[in-house]
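sequence and predicted structure below; questions after.
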Amino acid sequence: MLYRETGQFKANYKDDQALFPIDQDRYVIFGVLFITFVVVPYLLNEYWLNAILLPFLIYSLAALGLNILTGYCGQLSLGTGGFMAVGAFSVYKLMVAFPELGFIPLVLLSGLITAAVGTLFGLPSLRIKGFYLAVATLAAQFFLIWLFNKVGWFFNYSASGMINAPPMTIFGMIITGPQASGVAKYYLVAAFVAVFALAAKNIARGRIGRNWMAIRDMDIAAELIGVRPLIAKLSAFAVSSFYVGMAGALYFAVWLGSAEPTEAFDINQSFLVLFMIIIGGLGSVLGSFLGAAFLVILPIMLKNILVDGFGTDSALSAHIEIITVGILIIGFLIVEPHGLARLWRIAKEKLRLWPFPY
Amino acid sequence: MRKLTRTIVAALLTVPLISGVASAYELVMPTLDYRTGPYAPNGIPFANGYGDYLNMLNERDGGINGARISLVPCETGYNTKKGVECYENTKAEGQSGALVYQPLSTGITYQLIPKASVDEIPVFSMGYGRTSAANGKVFPWVFNFPATYWSQATVFVQYIGEKEGGMANLKGKKIALVYHNSAYGKEPIRTLEKAAEKFGFEFMALPVDHPGQEQKATWLQIRREKPDWVMMWGWGVMNQVAIKEAASIRYPMDHFIGVWWSGSENDVLPAGAAADGYLSGAFHQPGANFGAHNDIKKHVYDKGMGLGDRDRIGEVLYNRGLVAAMWTSEAIRKAMEIHGTNEIRGKHVRDGFEALEVDEARLKELGLEGFTIPVKITCENHEGPGKVALQQWDAKAGKWNLVSDFYEPLRDITGPLIAEDSAQFAAENNVSERSCN
């Protein structure tokens, strides 16, 4: 009743090919954007913005990037942590060397640098597939972290190998460093995520996205119908690394403020983002967000409910949190192996027929 | 499904109800514990010692000057991201807000240094974290007394020099550093390089990646290169593995020196008798035969409020937590004295730290006579005395003994390095030096 496209007639191709052809979808998106940009910053306090929503949004962006590569193009990658590190170290070097360029161009630039690195490490994908490609990208992960840990130039020869984000401003608002307010950081990151999530949705439904999906579904067939694997695969690596690099830059500069390569970008980071897209839903923009929410927000909420709500001992609740999240992951994957996004799609199907299902 | 929804809603509704209870003015002290994860065996005794001492103050004296201490534990798992979340979650807790943080990990310390100065909460990274925070002019909110990693490294060099029969004999010797490949482990490298230049020994750095379970290659290299002395900057499981590996290549244990985070019972016990003679840095005594320990047993453990096992009181890391709690509570006491009120905030506690003086006489009053070195903090010197001693493991008796005096660090090496590093921080973060007059 609420969600039904009956009666929405499209009179021209432009309307029919819109990003959100169904009115209700469009309203929901506007609603979400309104809540994100107008309601949330006034409703939530610094703790929520800094400690929960910032990492959620940044991980969503990283998951979006990996989803382009793995979900849409079918190339399994375990190098996400390494590529995030490329983004973080690029933005650090750029911030120190060219602060006058402004923060947003620097983030985009570091995304481009990561895209170049990602394309380079994507070259093996032309010859190897599946699990073997996962091993090749794993090599990227270890090599990149080793490089950033080993070569002093990357961390400006600081004694401990840590990088610190110098304070920077946008329109007079401080957005990096300790003085930055949670609201400013939140707006910046939310804007990045919103723009690039819409861009991802757009790319995915167009020619390039269809090429990726053709390669994912069956690469030989795709090649036969005229999709060029070289271009399709490398463009997937480039776009994916661009997203992941920006996520890494924001992760370091806006959220953490300082980072060391071995801890902040280790292999667990790669797994975490991979699990996000598996749980959220491969090949789905919404799935990236749901997966990030599941693995970032849920554990913190569980902890807060246990510790503040029930007064559980902090160590015990850490163990309960690990167990619960593990059980939920298994539970959700049994109920719906295609991820949370698929659950949403089923819900939409049901809503269409409600209240008269047949 | 409906039942599940109802439970979740009920759980969410209880959160604001429980956290909104008002009471008398309490001193809120969040503790960033790590009782889970690969570093838990070291995190647990420290957290127990820290908590037990403060609980003892509550039970014996009713808190500090009559104001009760409210401990707010938050589990970090030694993970920087969780540590930051814990900090954000607890910094505004209660009426007083968080009074002081013990970040308990170099990674978390680096995160909190800039944040804490904005939130006006002092960070007490006792003997860890950023070494150049010793420069109080650049880091007014950070305290890392009683000594830093760099001081410690120079003390080890002096000890080695003494054992070799004079600093001149260091020439041509080979000293290796086995370190945790992270910000923490890298701290001493630059100091040791400078010392190598000065005294003419050969220095080799051997990284071990987190968590350090696999060190065969490292020790094979040591076996091949045969360094005269090995130092170690390790933590968690890495320590015990290193000591076992050293034993298996029959490296002489009395030529193997660990940082003070590599010298607890947990680290040496797995190697058994082979660990006998292993050395490590220390700034306090091991053992439970001090007045404060007895008070903890009487006022905390006898009431069944102890955080750990009674027979593990007095372990090295337990005492490390205890000494941290002692200095922290003394700083709070000092802050109350300076500002003439019990209702202090983080910024007042900072003043307390900066005027902190715990001498022999005060230690005696606290039931900790001879337990640690006297400490005096000033505006420009947040490292305090910087003195370090060495302790040695006696495998037969199963205990650590202090085997050296407290050495003065080589300030001609550490001083310029601290100035250089803090100047770099100041330049990168647009911080100007404050004056200390």
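Done, it's in. Residues are numbered from 1 along each chain as shown, chains lettered A, B, ... in the order given.

helix or strand: which one has residue A:137?
Remark: residue A:137 resides in helix A:130-150, with elements defined by DSSP states H and E.

hey, C-alpha coordinates of that helix in PDB?
This file holds the C-alpha atoms of helix A:130-150, laid out as PDB (Å, rounded to 0.1, in the frame of the first residue of the first chain):
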ATOM      1  CA  GLY A 130      39.500 -16.200  -7.300                       C
ATOM      2  CA  PHE A 131      41.500 -17.400  -4.300                       C
ATOM      3  CA  TYR A 132      44.700 -17.000  -6.100                       C
ATOM      4  CA  LEU A 133      44.000 -13.400  -6.700                       C
ATOM      5  CA  ALA A 134      43.200 -13.100  -3.000                       C
ATOM      6  CA  VAL A 135      46.700 -14.200  -2.300                       C
ATOM      7  CA  ALA A 136      48.200 -11.700  -4.700                       C
ATOM      8  CA  THR A 137      46.300  -8.900  -3.100                       C
ATOM      9  CA  LEU A 138      47.400 -10.200   0.300                       C
ATOM     10  CA  ALA A 139      50.900  -9.700  -0.900                       C
ATOM     11  CA  ALA A 140      49.900  -6.000  -1.600                       C
ATOM     12  CA  GLN A 141      48.700  -5.700   2.000                       C
ATOM     13  CA  PHE A 142      51.900  -7.000   3.500                       C
ATOM     14  CA  PHE A 143      54.200  -5.200   1.100                       C
ATOM     15  CA  LEU A 144      52.500  -1.800   1.500                       C
ATOM     16  CA  ILE A 145      52.500  -2.000   5.300                       C
ATOM     17  CA  TRP A 146      56.100  -3.100   5.400                       C
ATOM     18  CA  LEU A 147      57.000  -0.200   3.100                       C
ATOM     19  CA  PHE A 148      55.300   2.400   5.300                       C
ATOM     20  CA  ASN A 149      56.900   1.000   8.400                       C
ATOM     21  CA  LYS A 150      60.300   0.700   6.900                       C
END
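
that one and chain B, are they touching?
Yes: Helix A:130-150 is in contact with chain B by Cβ under 8 Å from any Cβ of the partner chain, via residue A:149. Quick note: C-beta positions are derived from backbone N, CA and C, even for glycine.

quick check: mean pLDDT across that helix?
Helix A:130-150 shows a mean pLDDT of 93.

and if you look at stretch A:240-253?
97.

chain center to that stretch: distance?
9 Å (Cα atoms, centre = their mean, to the nearest Å).

only C-alpha atoms, please: export it in PDB.
The C-alpha coordinates for stretch A:240-253 follow below in PDB (Å, rounded to 0.1, in the frame of the first residue of the first chain):
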ATOM      1  CA  SER A 240      37.700   0.700  -5.900                       C
ATOM      2  CA  SER A 241      41.100   1.900  -4.800                       C
ATOM      3  CA  PHE A 242      40.100   5.500  -5.300                       C
ATOM      4  CA  TYR A 243      37.200   4.900  -2.800                       C
ATOM      5  CA  VAL A 244      39.300   2.900  -0.400                       C
ATOM      6  CA  GLY A 245      42.100   5.500  -0.600                       C
ATOM      7  CA  MET A 246      39.800   8.300   0.300                       C
ATOM      8  CA  ALA A 247      38.400   6.300   3.100                       C
ATOM      9  CA  GLY A 248      41.900   5.700   4.400                       C
ATOM     10  CA  ALA A 249      42.700   9.400   4.200                       C
ATOM     11  CA  LEU A 250      39.600  10.300   6.100                       C
ATOM     12  CA  TYR A 251      40.200   7.500   8.600                       C
ATOM     13  CA  PHE A 252      43.600   8.800   9.400                       C
ATOM     14  CA  ALA A 253      43.200  12.500   9.100                       C
END
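
I'd say residue A:156 and residue A:97 touch.
No: between residue A:156 and residue A:97 there is no contact, the gap being 9.7 Å when judged by Cβ atoms under 8 Å.

settle it for me: which of the two has more neighbours?
residue A:156 (14 against 11; other Cβ atoms under 10 Å in any protein chain shown).
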